[in-house]
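*Asks:* The sequence isn't on hand, but the structure is:
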């Protein structure tokens with residue numbers, strides 16, 4: 001046994017592992033940076049939206065936050081469809097199997113558009129009923145109804161964008177989604193400013209103006225994306241006939257692997273909705289603090305969203321090419337790097353947290369609570385970041401989707417949700433403690449997920 005082999009088996013040989021996988025990690029960074037940049041643009045412009053709406057007061061913040069819960073549920077469903085289909089497309093791209101990619105795209109579009117249509121119908125027909133699930137504050141409900149009805153018009157367009165972008169990334173095309181997303185979100189910010197406050201000759205429409213701006217930007221983004229995909233003839237530029245060229249064997253295999261991802265994302269999103277419901281029931285001011293914290297906490301995960309998705313692409317390509325052992329080794333190296341990076345980001349958040357409340361028109365109580373919630377997040381940041389890479393970047397890339405669903409949902413529904421409900425609604429504990437219970441699932445997920453990666457049972461060739 002060579003010295004290098006012994007070194008690679010050591011749990012502390014990060015420099016040696018990085019040298020061993022240097023080419024793969026260079027490629028990972030080239031993919032991760034545009035994906036992270038796209039998420040950074042999205043988060044920053046969403047923060048701008050939040051700041052604009054925040055000038056209208058806490059009721060407006062809460063109304064938009066609750067109205068966006070159904071959009072959040074839909075996005076997680078779409079992410080499940082996109083992420084699940086990307087398990088196939090990344091491996092198909094490793095084999096350069098365009099027919100397989102086109103079939104996967106077709107199945108994803110059928111599922112995504114049907115799901116988005118159902119969410120749109122619910123928002124159009126039952127807006128008040130949906131909002132009353134989360135709050136008893138009738139002022140918040142009435143403010144949220146027009147926003148929800150207008151914004152839901154964009155859901156079908158959003159579905160098309162998410163599916164095409166996911167398949168594009170699986171083939172290594174990451175710059176086009178970045179450019180289009182940055183353009184659309186910038187337009188959204190300009191439209192928001194004009195329609196919320198009545199600038200540039202536009203009427204002052206408040207949060208209804210924000211909904212119109214969002215819908216317009218999403219329609220523009222999807223239209224531009226589809227046009228460029230087919231004009232530039234990217235690998236995903238499939239005809240309708242190619243997308244519908246399905247066979248029973250592939251459809252069965254597709255649903256077998258993708259349905260757990262959809263269940264995973266819906267179950268997880270419902271769990272996050274339960275957390276929102278608890279904070280909403282605790283008070284509008286507490287919900288406002290939670291929403292502000294959530295918006296800014298996404299900045300902490302910008303880079304990790306990029307690296308997790310890039311890892312899924314790289315590892316999926318490796319498995320499709322038949323490089324199983326290399327994929328297993330790279331996965332373990334990724335989980336050595338993530339805690340180091342997340343610790344540095346956590347320190348930054350801890351010290352910058354007191355500056356954030358000054359950007360909003362909120363009470364001192366809400367401001368102090370925002371700082372407390374952000375600092376609690378830093379305690380488990382490395383665990384949350386590692387779990388993102390385990391589930392999204394590693395296990396799913398190997399087609400281990402059933403285990404992912406179990407890993408994600410059991411700790412959430414059997415540990416965190418009962419604890420949060422008891423802490424917030426029965427014992428009426430301080431909101432900061434309630435939020436700490438929201439994070440309790442992460443420890444169980446981390447321990448179990450790490451074991452699964454090290455077992456090397458997660459790699460499955462789906463092609």
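*Replies:* Looks like it came in fine. If you're wondering where the values come from, they're calculated on a predicted model, not measured in any experiment. Residues are numbered from 1 along each chain as shown.
*Asks:* Residue 158 is in contact with residue 78, correct?
*Replies:* Yes - at 7.2 Å, residue 78 counts as touching residue 158 under the criterion of CB atoms under 8 Å. The C-beta positions use only the backbone N, C-alpha and C, and glycine is treated the same way.
*Asks:* which intervals of the stretch 1-150 of the chain have sub-threshold pLDDT?
*Replies:* Along the stretch 1-150 of the chain, the model assigns pLDDT under 70 to residues 1-22, 43-47.
*Asks:* And the helices in it, which stretches?
*Replies:* Secondary structure of the stretch 1-150 of the chain (DSSP state H, counting those that start in this stretch): helices located at 3-9, 14-20, 22-54, 58-94, 98-125, 127-134, 138-151.
*Asks:* what's the closest of those helices to residue 211?
*Replies:* Proximity to residue 211, assessed across these by CB to CB, is greatest for helix 138-151 (3.7 Å).
*Asks:* could you dump the helices of the stretch 1-150 of the chain to a markdown table with mean neighbour count?
*Replies:* Putting those into a markdown table (neighbours: other CB atoms under 10 Å) gives the following:
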| stretch | mean neighbour count |
| --- | --- |
| helix 3-9 | 11 |
| helix 14-20 | 15 |
| helix 22-54 | 19 |
| helix 58-94 | 25 |
| helix 98-125 | 20 |
| helix 127-134 | 18 |
| helix 138-151 | 21 |
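*Asks:* on that earlier part again, between residue 78 and residue 158, which contacts overlap?
*Replies:* Contact criterion CB atoms under 8 Å, 6 or more residues apart in numbering; residues shared by residue 78 and residue 158: residue 116.
*Asks:* Nearest to residue 375, out of the helices of the stretch 1-150 of the chain?
*Replies:* Closest of these to residue 375 is helix 22-54, at 18.8 Å (criterion: CB to CB).
*Asks:* Same list, the helices of the stretch 1-150 of the chain, but as JSON lines with distance to residue 353 please.
*Replies:* Converted to JSON lines, the helices of the stretch 1-150 of the chain look like this (distance: least, CB to CB, whole Å):
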{"stretch": "helix 3-9", "distance to residue 353": "40"}
{"stretch": "helix 14-20", "distance to residue 353": "30"}
{"stretch": "helix 22-54", "distance to residue 353": "15"}
{"stretch": "helix 58-94", "distance to residue 353": "19"}
{"stretch": "helix 98-125", "distance to residue 353": "34"}
{"stretch": "helix 127-134", "distance to residue 353": "26"}
{"stretch": "helix 138-151", "distance to residue 353": "26"}
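*Asks:* Secondary structure element holding residue 195?
*Replies:* Assigned by DSSP states H and E, residue 195 belongs to helix 175-197.
*Asks:* about what we covered before: what about the helices of the stretch 1-150 of the chain, which gets the closest to residue 411?
*Replies:* With CB to CB as the criterion, residue 411 lies closest to helix 58-94 of these, at 17.1 Å.
*Asks:* how much does that closest one deviate in direction from helix 22-54?
*Replies:* 160 degrees (axes from the mean of the first three to the mean of the last three CA atoms, to 10 degrees).
*Asks:* Check which residues of stretch 332-352 are buried.
*Replies:* For stretch 332-352, the neighbour count (16 or more other CB atoms under 10 Å) marks 332, 333, 334, 335, 337, 338, 342, 345, 346, 349, 350 as buried.
*Asks:* Please list all residues in contact with residue 459.
*Replies:* Taking CB under 8 Å, 6+ apart, we find residue 459 in contact with 319, 324, 327, 328, 398, 399, 400.
*Asks:* SS state for it?
*Replies:* Put simply, residue 459 is coil when judged by DSSP: H, G, I helix; E, B strand; the rest coil.
*Asks:* Equivalent analysis for residue 200, please.
*Replies:* Residue 200 ends up coil, using three-state DSSP.
*Asks:* show me what contacts it?
*Replies:* By CB under 8 Å, 6+ apart, the neighbours of residue 200 are residue 194.
*Asks:* Can you pull the phi/psi pair for it?
*Replies:* For residue 200, the backbone dihedrals are phi 60, psi 30 (criterion: degrees, to the nearest 10).
*Asks:* Can you give me the pLDDT of it?
*Replies:* Looking at residue 200, its pLDDT reads 90.
*Asks:* quick one: it from residue 191, how far?
*Replies:* 10 Å (CB to CB, to the nearest Å).
*Asks:* Also residue 123?
*Replies:* 20 Å.
*Asks:* just checking, residue 338 touches residue 386?
*Replies:* Yes - here residue 338 reaches residue 386: they are 5.1 Å apart, a contact under CB under 8 Å.
*Asks:* Just give the closest residue to residue 321, not the sequence neighbours.
*Replies:* Distances taken as CB to CB, 6 or more residues apart in numbering place residue 94 nearest to residue 321, at 4.3 Å, with adjacent residues excluded.
*Asks:* Could you list which residues are in contact with the one you found?
*Replies:* Here residue 94 is in contact with 316, 317, 318, 319, 320, 321, 463 (CB under 8 Å, 6+ apart).
*Asks:* change it to 7 Å
*Replies:* Applying CB atoms under 7 Å, 6 or more residues apart in numbering, we find residue 94 in contact with 316, 317, 318, 319, 320, 321.
*Asks:* Next one, pLDDT for the third one please.
*Replies:* The score at residue 318 is 91. That number is its pLDDT.
*Asks:* what's the neighbour count on it?
*Replies:* Residue neighbour count, defined by other CB atoms under 10 Å, stands at 25 for residue 318.
*Asks:* what about it, distance to residue 288?
*Replies:* In this view, residue 318 and residue 288 are 45 Å apart by CB to CB.
*Asks:* now swap in the fourth one and tell me
*Replies:* Residue 319 sits 45 Å away from residue 288, going by CB to CB.
*Asks:* Now do the same contact list for residue 107.
*Replies:* Neighbour list for residue 107: 85, 246, 251, 254 [criterion: CB under 7 Å, 6+ apart].
*Asks:* Could you pull up the contacting residues of residue 54?
*Replies:* Applying CB under 7 Å, 6+ apart, we find residue 54 in contact with 61, 360, 361.
*Asks:* Not counting sequence-adjacent ones, nearest residue to the first one?
*Replies:* To tie it back to what came earlier, the one meant is residue 61. Counting by CB to CB, 6+ apart, residue 61 lies nearest to residue 288, which is 4.8 Å off, once chain neighbours are set aside.
*Asks:* what helix or strand is that neighbour on?
*Replies:* Here residue 288 is covered by helix 284-300, with elements defined by DSSP H and E.
*Asks:* Whichever helix or strand residue 366 is part of packs against which elements?
*Replies:* Secondary structure from DSSP H and E places residue 366 in helix 364-379. On a contact count with 3 or more CB pairs under 7 Å, 6 or more residues apart in numbering; DSSP states H and E, helix 364-379 meets helix 284-300, helix 324-352, helix 431-438.
*Asks:* between it and helix 58-94, how many degrees?
*Replies:* Using the same axes, to 10 degrees: helix 364-379 against helix 58-94 is 20 degrees.
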